[in-house]
Every structure is written in structure tokens, then in C-alpha cells.
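Chemist: This is a predicted model, with the sequence first.
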Amino acid sequence: MTAAVGSRPVKGSTSPLSSAQTRFGEGLLEKLFFFCALLSVLTTVSVIGILAFETYNFFQKVPMLDFLTGTRWTPLLEPKHYGILPLISGTVLIVLGAALVALPVGVASAVYLSEYASERTRNIIKPVLEILAGIPTVVYGFFALTFVTPLLSTIFPSISVFNAASGSIVVGIMVLPMVASLCDDALRSVPDALRQGAYSLGATSFEVSTRIVIPAGLSGIFASFVLAISRAIGETMAVTLAAGATPNLTMNPLESIQTMTAYIVQVSLGDTPSGTITYETLFAVAAVLFASTFVLNLGGTWIMRRYQEVYE
Amino acid sequence: MTEYNSILKADALTIAYAGAPAVRAVTLPIYEKKITAIIGPSGCGKSTLLRSFNRMNDFVADVSHEGQIRYRDQDLYAPEVDPVEVRLRIGMVFQKANPFPKSIFRNVAWGPEINGMDGDINLRVETALRQAALWDEVSSRLDDSALNLSGGQQQRLCIARALAMEPEVILMDEPCSALDPVSTAHIEDLLFELKEKFTIVIVTHNMQQAARVSDFTAFMEMGHLVEYGETDQVFTRPTETRTEEYVTGRFG
């Protein structure tokens, strides 16, 4: 009776539920996956480690206070000065300009896409935005140099050939699709019931968008801002081409400047022997770059959480 | 029935989605300061009809209308009519409570503010919340988020929000379907008080509710208005067999 129809023969095992043999590859695959996951952790840890190590070496030669508060950055010229403020001001100038372009235009595009556009229009505009996001950044740099700067010089004849304005405009255009697309997602995830409720109180489309939908989608909108600013800080190619290589403590967008990323490119391209102080400036600048995006991302997460409490 | 004054009237109204009619040649007068219930099985067109009364169907793609809806002798779908103006006079409460993610106070004050209504906004909010029988429960925490209220309180807040606009007509689309019996009883009690000042049209799945609260009942099936009359008559002496079958629970 025990050998009922369909019962499975058990090979030399006392428990009927234990597997007769280790299933092929199970353990091996698990190790492979673990290794892949470990790889990115190891990369991050080693990058941070190397950054910290070389930055430490740099601070053995240049006091940290001089580095962080100095107003002249001339590591390649005599007399050498290692004050990073000009590079930070250059980066801030690019980020502010880019934000000025990308944030309002991005939010406005998202409002149009999610609140006004017909399904057909959406289906045309969304792919175009994605193409914009896929253009290589060097093309943007070239575009800034050969199109935006000449255009600006007709308005501001005093503008330098390399200037912060054209760099920040193209960086703004570059991050615009990301802002528009993320904000569009945020606005579309606002429940339709809220819109209907607002319309039933005699609101116009504009009032519904600006006073109900945007506030309700604010956490997503902030998230897109933080990501966009992070990307603008890290943007390299376009600003290297368009904004120049002149460390310059200024807030005048018509002047030539240098960003932290552009400095890294400039020095990496030359023959800088490792162990020299010039070589170590690369890591010190990179550490500041890393710290600023890191803080920004943390701050962004914090803001998002705060607003989520209020709005959900 | 002729001695009553009709404020809204669907006249040979047909509403179609992408050519498929959801409401077919319905003629239905809504009487002032009365409660009119629209009942019928799912998909009979009752919500579509209700939403045409304040032009909320405008947001549905590919919807078309034939016939008329007259509000005090003005055709609501005439080209010169601004739907915003329509909705200022004909408010709505939805099936699922949809308070804005704002404070209790802001929820009620929002409509009057965006429409630039005069007067003391605090008084207006208090009046609306009192009319919606919610004031005593929330007066001490008007700045709390509306989302912290219970489901029944949220629905009464949505009623208060509609009342703050001082509309003439309030449309209610199954306002109790997501609520427990106690909250439902609260809202039904409220309806009796509201009809002193407002005209109410309520769509409901719940026949007992229609029988309890309404003065007039319309029974719809497959887009047609099968029967319309005073609620007592529709529930006790229906003239149509289908109505009798429905109100006695034989189908639907």
C-alpha cells in the first residue's frame, strides 16, 4: 500500500523531503551573484579609500584651512596657490545657471505633459525628451562653443569666448529632460481624485495644477531637483569645452571660469607624475566634489521624507 | 409633482462614450430643495448622468452629448457656458472621500479662496463644517492634516468643502459606499438638514438608503430612465415591473 501510484523513489535518504542530490549549480550561482554585488561595494570602498589617502597626503603639504578658504588657485603656475574657492565658485556659477534654466522649464514641461497634453502630444514629446537626454555631453559642449556663445555675444559684446553663461545654459538643457521626466512621473502619480475634487470646486486647470497637483507631487519634484543639481555639479565635458580653464573667483557669468571637474580634466590630460603635489590636488578637488554631491543627496532624501510626511 | 419647482432638468439627454451610449434619452427634472436619488444596477448610467449635471464628464475623452441639461432655463452645454461657473453653483461629493493633502481648514477654505469669494473666511469655514456636522469633532485641530481624519470624517469634510462654496445643488456620487454603517447614518442624518438649504442629487447602490433619505427616486437601467416619481410611490407602488423587481431585490 505504501508504494502507491505516483510515489517517488527515495534514494538512500531517511527523510522523504531531503533532496537526493544538491541541485546543480545552485551554490555556484549564489556565489557568483554575491561576487557581482561585492564588486560594486569594493569599488566604492576603494575609490573612497584612495581619495582619502591622497587627500591626506595633500593636506600634509597644504594646510586644510588654506585649501578651503584660499581665493587663488594656481597649482600649475608660480607662485603656486592652493585655494579651492575659485573652482567652487565656478562650479556654483554653472549649477546656478543650469538650475535657472532646467528647474522652471522642467517643471513647466512636466505640468504641460501631465496636466494639459493629449495622449497623442505626450507620445511625441516624451521620446524627443529622451533623445535630448541621450546626446553625448561633448556635443553639448561643442554646441555651447559654436552656437550659444556667438548668440550671447550679440547681446553681451563683452563676453569672453569661454564663459560660464554658455556652459551653464547647455548644462541646463542637458539636465532638463531628467527634471521634466521625473517631475512628470511625480505629477502623474498624484491621484486623479484630487484633481476631480478641485475641479468640482470651480477651479481652473491652472489652479488645479499649481495649487493641488504640484504641492502634492512636491517630494518627487524635489527629488528631481536634487538629482539635476548633482548631475550639474558632476558635469565635465560641456563645461570644460565651453566655460574655460581660468580659475576665477567671480559671480559674473560672462567671464571665463573653471569648475572642479574641468580642473581635473585639465590636469589629468597633462603628464603629471604621481606623488607630486599637483597630482595630489586632483584627489583633494575630487574629494570636495564627492563630498558636495554626497551631502546634496543626503539633504535631498531628508527633504523628501519631510514632505512625504505632510503630503501622504 | 408639478407643484414643485425644477432647478435642473435633463431633457432627452443621451451621453455616449466613444459612440456607445451610456445614458439614453433621459428626461429627468430635479426639484429644488429636495433630495433626488438615482438608483439602478452597476453600469446603468447613473453616475454618468450625475456627472453631466456639473460638466465633470468634460474630462472624459471622447464623450458626446445629445439633448439638453437645463439649469434654471439655461442650457449647461451651450458653447458660451463656462464649466467653472457651472461648478461654482453645482458642487459635488465623490464616491471615495478625496480630501486635499492639506490641513482641515485649508481643505474647506480652498474653494472660496481660489474663487475670490468675499467675507470672513474663518466664519465661512466654521459654517460649512457645522453644516456638515463635523465642527465639534475638528474645531480644536483645524490645522491638522485632513488625511489624519477617519474615512467618515473625511467624507463629511468633502461635504463641508462643497458647502463652503454655497452652491445651489450638491451632487453626491455614492457618498457612503466606502463607509461603515455608523458613518453612513451620520451622513444620512446630515442630508435631511442640508435639504433645507440645498438641492441634493444622490446616486446610490443602496436601495434602503434611497428609500430612507430621498423625496424623489429615479430608477435607471441600461441607460434608460425606467421610472421616476416620489420615493414612496416608487418603492411601494411602482408602475413598472422592472422597478418592482429591482426595489424588492429580485435582481441587481
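Modeler: Perfect, I can see it now.

Chemist: Please see if stretch B:9-18 touches chain A.
Modeler: No - with C-beta under 8 Å from any C-beta of the partner chain as the criterion, chain A is not reached by stretch B:9-18; the gap is at least 13.6 Å. Just so you know, the C-beta spots here come from the backbone N, C-alpha and C atoms, and that holds for glycine as well.

Chemist: Centre of the chain to that stretch, how far?
Modeler: Relative to the mean C-alpha coordinate of its chain, stretch B:9-18 is positioned 17 Å out (C-alpha atoms, centre = their mean, to the nearest Å).

Chemist: Show me what counts as buried in that stretch.
Modeler: B:Lys9, B:Ala10, B:Leu13, B:Thr14, B:Ile15, B:Ala16 (16 or more other C-beta atoms under 10 Å in any protein chain shown).

Chemist: tell me, how many neighbours does residue 141 end up with?
Modeler: By default, I'm working from chain A. By other C-beta atoms under 10 Å in any protein chain shown, 24 other residues sit near A:Gly141.

Chemist: think we crossed wires, I meant chain B
Modeler: Neighbour count for B:Arg141, taken as other C-beta under 10 Å: 13.

Chemist: can I assume it is in contact with B:Leu129?
Modeler: No - counting by C-beta atoms under 8 Å, B:Arg141 stays clear of B:Leu129, with 11.7 Å between them.

Chemist: Quick check: residues of chain B near chain A?
Modeler: Residues of chain B lying near chain A (C-beta under 8 Å from any C-beta): B:54, B:56, B:59, B:61, B:84-85, B:87-88, B:91-92, B:94, B:96, B:98-102, B:110-111, B:114-115, B:145, B:147, B:158, B:161-162, B:165.

Chemist: give me that answer again for 7 Å
Modeler: Residues of chain B found near chain A (C-beta under 7 Å from any C-beta of the partner chain) are B:54, B:56, B:84, B:87-88, B:91-92, B:94, B:96, B:98, B:100-101, B:110-111, B:114-115, B:145, B:161, B:165.

Chemist: Let me know the helix or strand that B:Glu66 is in.
Modeler: Assigning secondary structure by DSSP states H and E places B:Glu66 in strand B:63-71.

Chemist: That strand: how far from the chain's middle?
Modeler: 18 Å.

Chemist: Show me which positions of that strand end up buried.
Modeler: Buried-residue list, strand B:63-71, by 16+ other C-beta under 10 Å: B:Val63, B:His65, B:Gly67, B:Gln68, B:Ile69, B:Arg70, B:Tyr71.

Chemist: and after it, which helix or strand comes next?
Modeler: Immediately after strand B:63-71, counting by DSSP H and E, sits strand B:74-75.

Chemist: Just give the strands next to that following strand in its sheet, each with its orientation.
Modeler: strand B:63-71 (antiparallel) (DSSP bridges).

Chemist: Sort out which residues of stretch A:46-61 are buried, please.
Modeler: Neighbour-count burial for stretch A:46-61 [16+ other C-beta under 10 Å]: A:Leu51, A:Glu54, A:Thr55, A:Phe58, A:Phe59.

Chemist: right, and the third one touches A:Ala284 too?
Modeler: Yes - taking contacts as C-beta atoms under 7 Å, A:Thr55 lies within contact range of A:Ala284: 5.0 Å.

Chemist: ok but A:Asn252 is inside a helix, no?
Modeler: No - A:Asn252: not assigned to a helix; according to DSSP: H, G, I helix; E, B strand; the rest coil it is coil.

Chemist: Got phi/psi on it?
Modeler: Main-chain torsions, A:Asn252, degrees, to the nearest 10: phi -90, psi 110.

Chemist: related to what we said a few turns ago, compile the buried residues of stretch B:9-18 into CSV and extend it with columns for secondary structure and pLDDT.
Modeler: Shown next, in CSV, are these (DSSP: H, G, I helix; E, B strand; the rest coil; pLDDT from 0 to 100):
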residue, secondary structure, pLDDT
B:Lys9, strand, 94
B:Ala10, strand, 95
B:Leu13, strand, 96
B:Thr14, strand, 96
B:Ile15, strand, 95
B:Ala16, strand, 95
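
Chemist: Nearest to chain A, out of those residues: which one, please.
Modeler: Distance to chain A across the buried residues of stretch B:9-18 (C-beta to the nearest C-beta) is lowest for B:Ile15, with 17.3 Å.

Chemist: which residues touch the closest one?
Modeler: Contacts for B:Ile15 (C-beta atoms under 7 Å, 6 or more residues apart in numbering or on different chains) come out as B:Pro21, B:Ala22, B:Val23, B:Thr48, B:Ser52, B:Asn57, B:Val63, B:His65.

Chemist: Against B:Leu49, how distant is it?
Modeler: Between B:Ile15 and B:Leu49 the computed distance is 7 Å (C-beta to C-beta, to the nearest Å).

Chemist: And the average pLDDT for stretch A:156-171 is what?
Modeler: Averaged over stretch A:156-171, pLDDT sits at 93.

Chemist: Touching it from outside, list them.
Modeler: Contacts of stretch A:156-171 (C-beta under 7 Å, 6+ apart): A:90, A:93-94, A:97-98, A:101, A:140, A:143-144, A:148-149, A:152-153, A:232, A:235, A:238-239, A:242-244, A:253-257.

Chemist: List the buried residues of that stretch.
Modeler: A:Ile159, A:Ser160, A:Phe162, A:Asn163, A:Ala164, A:Ala165, A:Ser166, A:Gly167, A:Ser168, A:Ile169, A:Val170, A:Val171.

Chemist: next one: phi and psi at the fourth one?
Modeler: Looking back up the chat, that one is A:Asn163. According to degrees, to the nearest 10, A:Asn163 has phi -150, psi 160.

Chemist: Quick check: helices, which of the contacts of stretch A:156-171 are part of them?
Modeler: When DSSP state H defines the helices, the subset of those inside them is A:90, A:93-94, A:97-98, A:101, A:140, A:143, A:149, A:152-153, A:232, A:238-239, A:242.

Chemist: In those, find the pair that's most separated.
Modeler: A:Ser153 and A:Ala232 (23.4 Å; C-beta to C-beta).

Chemist: quick one: which of the two has more around it?
Modeler: Using other C-beta under 10 Å as the criterion, A:Ser153 and A:Ala232 rank with A:Ala232 on top: 24 against 16.
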